[in-house]
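K.L.:
When you get a sec, could you give me coordinates for this:
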Amino acid sequence: MKIGIFDSGMGGLSVLHLALRYLPNHQFIYYADEEHVPYGEKKQEDIIRYVDEIIQFMIDHGVEAIVIACNTATSAAIALMRKKYHLPIIGMEPAVKKAIDTYGDKRVLVIATPITVQGQKMHNLVNKVDKNHLVNLVALPELVRFAERLEFDSIHVKEYLKKELSHFSFDQYSSLVLGCTHFNYFKDSLRAILPQHIHFVDGNEGTIKHLMEYITPSNDNQTVEYYFSGKRVTQPQDIERIQQYLKHLDKMIKIQ
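P.N.:
You can find the predicted model right below:
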C-alpha cells in the first residue's frame, strides 16, 4: 500500500521517521512544499490551495491514504479536504489531551506556529479538554526557519528559546507539547534549557496509530520517494540533506 505524507518542509520527516518504524512493509511518498515553507505565517486561503494541490498530486501518484504531517495545514485545510476527497486523510493535532491526561497535575505549555496557536481548531481543542484551565499557548515561528536550515542546537537557537520562554515559571508546568512537527528537531536544545521534570509530548505516534486504522496489511518492500514541491528528489546533495534530518531524528526520538 502506498501512503502519502506531506508537510510545508522538513518537519513532517519526524512523522515519516516514525511511520517507517511502525510500517515496514509499505511504500511512502514524502512531499516537502519547500517553495512555500513556512506555512505558519501564510494566509489560510493560500494554505488551502497548497494542500489541495499536494493532495491531488499524491492521488495522481497512486497513494491510498494521506497524512497531513503539519499542524498548521491540518488546522487550516483538513475539513475542506475531507469533504472534497474520498480517501483517508489523517491530520496532526497538538497532543494537548495526552499531556493533560498524562501529566495534568501541573500546567501544560503548547508551542506551535502562529496559525495553529490562533486557529479555531486549537481553541476548540483546548476548550474541550482543558477543564481546569491549565494550558498556555505560545507561537515560536523562528523554529521552523532554524529547522529548514538544519540549525538545531546553535547558540542562536538557544538564545531564541530562552528569550521566548523566559516569562514562564516552569516549576508550575509538567509538560511541553510540541505543536509543530518541525519542533521535534529541537528536543536537545529544549532539554538543555528546561528543568528536567518537564516532559515532551507530541502527536506523531497518535497520528501513525490513527493511520494504521485505515490501511491494509502489506508484504511490499518498504520504499520512499521524496518530492520537493512536486519535483522528484534525485540530486545527491538533496538526498544527503534528507538523511541528515533522519539521522538527527534518530537521536531526538530518545529524548523524552
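K.L.:
Mind listing the residues bridging to residue 67?
P.N.:
residue 5, residue 90 (DSSP bridges).
K.L.:
how many neighbours does it have?
P.N.:
28 (other CB atoms under 10 Å). All C-beta spots, glycine's among them, are computed from the backbone N, C-alpha and C.
K.L.:
Confirm for me that it is in contact with residue 4.
P.N.:
Yes. Residue 67 is in contact with residue 4 according to CB atoms under 8 Å; the separation is 7.0 Å.
K.L.:
all helices of the chain, in order?
P.N.:
13-22, 44-60, 71-84, 96-103, 114-118, 120-129, 142-148, 155-165, 187-193, 204-212, 236-252 (DSSP state H).
K.L.:
what would those helices look like in TSV with distance to residue 30?
P.N.:
As requested, those are exported to TSV (distance: least, CB to CB, whole Å):
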stretch	distance to residue 30
helix 13-22	5
helix 44-60	10
helix 71-84	14
helix 96-103	25
helix 114-118	21
helix 120-129	24
helix 142-148	15
helix 155-165	24
helix 187-193	21
helix 204-212	14
helix 236-252	8
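K.L.:
Enumerate the positions of stretch 134-145 that are buried.
P.N.:
134-135, 137, 139-141, 143-144 (16 or more other CB atoms under 10 Å).
K.L.:
quick revisit: ok, which of the helices of the chain comes nearest residue 221?
P.N.:
With CB to CB as the criterion, residue 221 lies closest to helix 13-22 of the helices of the chain, at 12.4 Å.
K.L.:
Now do that closest one, average pLDDT.
P.N.:
The pLDDT scores in helix 13-22 average 97.
K.L.:
One more: stretch 175-195?
P.N.:
On average, stretch 175-195 scores 96.
K.L.:
quick one: buried residues of that stretch?
P.N.:
Result for stretch 175-195 [16+ other CB under 10 Å]: buried residues 175-187, 189-191, 194.
K.L.:
Strands - which of those residues land there?
P.N.:
Among the buried residues of stretch 175-195, DSSP state E puts 175-178 in strands.
K.L.:
quick check, nearest of those residues to residue 85?
P.N.:
Once CB to CB is applied, the member of those that ends up nearest residue 85 is residue 178, at 27.6 Å.
K.L.:
so that closest one touches residue 111, yeah?
P.N.:
Yes. Between residue 178 and residue 111 there is a contact at 6.5 Å, judged by CB under 8 Å.
K.L.:
Now the residue lying closest to residue 217 once chain neighbours are set aside: phi and psi?
P.N.:
In space, and not counting its chain neighbours, residue 217 is closest to residue 25: 7.7 Å by CB to CB, 6 or more residues apart in numbering. For residue 25, the backbone dihedrals (degrees, to the nearest 10) come out as phi -120, psi 30.
K.L.:
now swap in residue 133 and tell me
P.N.:
According to degrees, to the nearest 10, residue 133 has phi 60, psi 50.
K.L.:
quick one, what contacts the residue positioned nearest the centre of the chain?
P.N.:
Geometric centre of the chain, nearest residue: residue 181, 2.2 Å, by CA atoms, centre = their mean. When contacts are counted by CB atoms under 8 Å, 6 or more residues apart in numbering, residue 181 touches 7, 11-15, 69-71, 92, 202, 204.
K.L.:
One more: residue 9?
P.N.:
32-34, 37-38, 144, 147-148, 182.
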